[in-house]
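Engineer: here are the coordinates; sequence isn't available:
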């Protein structure tokens, strides 16, 4: 009985030597998702800190657990395809078309959650450096592009009058 319980609790941990690697990856995924989430919270967007942390951590967990139980890379790639599709549906739920204003809201929120999931997959695969670079670029896009969009909109509004 106890041996069976021990086996279930350590499945995928390979005798404990994988525990530090797994913990580091999960914590990094949580932190990187949190960085994107903080930026979205500060911009008063609907998908904020917890949403981005959970999306990043969850996708990393899917990838890590697939590798830990010995799935082939081909099988893992199908899991990743499912993650990309599933997060696309979650993102689609945040998109709202305002018919009177001919405006679409929520696309950046959807793309942000999707990007956070991509960061989580990258962390889960063990490419922490790439995930950190992607997080930095995501934050730059979310911070700088907003200012550029406002500048362009202001110029467009001035030309209409």
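Structural biologist: Received the coordinates, thanks. Every value quoted in this text rests on a predicted model; they were computed, and no experiment measured them. Numbering: from 1, shown residues only.

Engineer: do you know how far residue 154 is from residue 160?
Structural biologist: Residue 154 is 11 Å from residue 160, where distance means CB to CB, to the nearest Å. Quick note: C-beta positions are derived from backbone N, CA and C, even for glycine.

Engineer: neighbour count for those two, which is higher?
Structural biologist: residue 154 (10 against 5; other CB atoms under 10 Å).

Engineer: before we move on, which element is residue 74 in?
Structural biologist: helix 73-92 (DSSP states H and E).

Engineer: I'd like to know which elements that helix is packed against.
Structural biologist: helix 49-68, helix 107-124 (3 or more CB pairs under 8 Å, 6 or more residues apart in numbering; DSSP states H and E).

Engineer: how distant is the longest one from the center of its chain?
Structural biologist: Which is helix 49-68. Remark: helix 49-68 is offset 8 Å from the chain centroid, using CA atoms, centre = their mean, to the nearest Å.

Engineer: got it, and stretch 106-122?
Structural biologist: 5 Å.

Engineer: quick one: buried residues of it?
Structural biologist: Neighbour-count burial for stretch 106-122, with 16 or more other CB atoms under 10 Å as criterion, is recorded at 106, 108-122.

Engineer: wait, is residue 104 part of a strand?
Structural biologist: Yes. The assignment for residue 104 is a strand, going by DSSP: H, G, I helix; E, B strand; the rest coil.
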